[in-house]
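> can you look at this prediction? I've put the sequence above it.
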Amino acid sequence: MRATAANIMKVCCVALAGSGLARAAGDTSSPGNIFAPASTPASSIYDLAILILVITGVIFVVVAGMLVYASVKFRSKPGDEHKEPLQIYGSDQLELAWTVIPVLIVIVMFMTSARIIHAVQDAGQPPGTIQVTVTGHQFWWEFRYPQYGFVTANELHVPVSDPAHPTPTYLQLLSADTDHSFWVPRLAGKTDLIPNHPNTTWIDPHETGLFLGQCAQYCGTQHAKMLLRVVVDSRADFDKWVHLQQAKVQPDASLSPDAEEGRRVFNRTACINCHTISGSVADGRFGPDLTHLMGRETIGSGAAPNSAENLKAWIQNPATFKPGVLMPAMNLTDKELAAVTAYMQTLR
């Protein structure tokens, strides 16, 4: 990861701007709430944001108080029209105060920010670290687990980390096309994915659950629908999920007649040029890996829930969910569409 001071400060500004809304809603545990950090990097950024809020809040109160005091104390009174106010031609004490105090404040903020940036950028990788390669595409996420030998899409699964014996997850960030940005507010700060410039970040979640993220860099017409879901599992559940992801698709003999027909339609169309299904002839790299499609909660990188009805509509014409999406309408007949949908539903 090469997070920058600008990225850290950008997160702080967003945090401060959203403080009132988060508190007013009384929601401190929503999946995307920046004021409920659940990971070491996010906690560090949160602490920095609160420190800056306190410092700037004190400055605001002092300056506003002095303005109010001066407005009341030296307001115009009857008979003041021809009276010259008291003239002050210099004060070494005042000049020293308004020079030294701001310099000290800036030094404190600079040193604290530098310490947080260093801690996030240069954190070590203890034994048990999970490695994931994240590739941003227009407009979806690809997750490769080189330690385990499988690929998935749009939903990142990681194990919870015990603070006593941290097992963080390190993410190598790549882009397949244009600039993207990986941001899961409760887990870590925003980090950009830049073509031909690998970047890294890490998360160290302390609690299980679902955490929502978003591409935070405008990347095209469907940028707003380039969502991502991070599922933090217990270690046992994570190992179980890994085992399921490593499994091949079920044998053809176990398919229903409709699913078998759908497999044949899938294999003779352009679908196999873009998608991979492990253990089949489909070996495309342009679209998401579909090997365990039905194990995901959403389709289209969060565009819609992964239901049979939505899946069928997506195959028929993805642009109904994501106008401008790169996947074309396949122009299947109703029979072919029903068969392919049946086949997709076997990919668990």
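Ah, there it is. Numbering: from 1, shown residues only.
> Leu156 belongs to a strand?
Yes - according to DSSP: H, G, I helix; E, B strand; the rest coil, Leu156 belongs to a strand.
> quick check, pLDDT for it.
pLDDT, Leu156: 96.
> so the protein: which segments form each domain?
For the chain, automatic domain parsing gives the domain ranges 5-121, 252-344.
> just name the most buried of those.
When neighbours are counted by mean count of other C-beta atoms under 10 Å, the highest per-stretch mean among those falls to domain 252-344, a mean of 17. Every C-beta, even on glycine, is put in place using the N, C-alpha and C of the backbone.
> quick check, Leu210 in a strand?
Yes - Leu210 forms part of a strand when assessed by three-state DSSP.
> spit out the contact partners of it.
Leu210 makes contact with 31, 229-232, according to C-beta atoms under 8 Å, 6 or more residues apart in numbering.
> the helices in the stretch 151-300 of the chain, which residues?
235-246, 257-268, 271-274 (DSSP state H, counting those that start in this stretch).
> distance to Glu95 and mean pLDDT added to the ones you listed, as JSON lines?
Below are the helices of the stretch 151-300 of the chain laid out as JSON lines (distance: least, C-beta to C-beta, whole Å; pLDDT from 0 to 100):
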{"stretch": "helix 235-246", "distance to Glu95": "61", "mean pLDDT": "94"}
{"stretch": "helix 257-268", "distance to Glu95": "77", "mean pLDDT": "90"}
{"stretch": "helix 271-274", "distance to Glu95": "68", "mean pLDDT": "89"}
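> would JSON lines of those helices with distance to Ser91 be doable?
Listed next are those as JSON lines, based on distance: least, C-beta to C-beta, whole Å:
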{"stretch": "helix 235-246", "distance to Ser91": "65"}
{"stretch": "helix 257-268", "distance to Ser91": "82"}
{"stretch": "helix 271-274", "distance to Ser91": "73"}
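> got the buried residues for stretch 202-216?
Across stretch 202-216, burial judged by 16 or more other C-beta atoms under 10 Å covers 202-206, 208, 211-216.
> so which of these comes closest to Pro78?
Closest approach to Pro78 among the buried residues of stretch 202-216 (C-beta to C-beta): Ala216, at 58.6 Å.
> that closest one and Lys190 touch, don't they?
Yes - at 5.0 Å, Ala216 counts as touching Lys190 under the criterion of C-beta atoms under 8 Å.
> quick check: neighbours shared by those two?
Joint contacts of Ala216 and Lys190 (C-beta under 8 Å, 6+ apart) are 181-183.
> longest helix of this protein?
helix 40-73 (DSSP state H).
> continuing past that one, what's the next helix or strand?
Towards the C-terminus, the helix or strand next in line after helix 40-73, according to DSSP states H and E, is helix 92-121.
> remind me what that next one packs against, helices and strands.
Helix 92-121 sits against helix 5-25, helix 40-73, with contacts defined as 3 or more C-beta pairs under 8 Å, 6 or more residues apart in numbering; DSSP states H and E.
> and the next element down the chain from it?
The helix or strand immediately downstream of helix 92-121 is strand 130-137, counting by DSSP H and E.
> neighbouring strands of the next helix or strand after that next one in the sheet, and parallel or not?
Toward the C-terminus, strand 130-137 is succeeded by strand 140-145 as the next helix or strand (DSSP H and E). Within its sheet, strand 140-145 is paired with strand 130-137 (antiparallel), strand 150-153 (antiparallel), according to DSSP bridges.
> leaving out chain neighbours, which residue sits closest to Pro305?
Nearest residue to Pro305 in three dimensions, chain neighbours excluded: Thr298, at 6.0 Å (C-beta to C-beta, 6 or more residues apart in numbering).
> need the contact list for the one you found.
Applying C-beta under 8 Å, 6+ apart, the residues near Thr298 are 154-155, 227, 229, 304-306.
> low-scoring stretches of the protein, by residue?
Where the chain drops to pLDDT under 70, the residues are 1-29, 250-253.
> my guess is Pro85 contacts Arg75, does it?
No - using C-beta under 8 Å, Pro85 is not in contact with Arg75; the gap is 11.8 Å.
> from the buried residues of stretch 202-216, which single one is nearest Val120?
The closest of these to Val120 turns out to be Trp202 (C-beta to C-beta; 8.0 Å).
> bridged to the closest residue to that closest one other than its chain neighbours, which residues?
Closest residue in space to Trp202, ignoring its immediate chain neighbours: Tyr170 at 4.7 Å, by C-beta to C-beta, 6+ apart. Beta-bridge pairing for Tyr170 (DSSP bridges): Gln131, Trp202.
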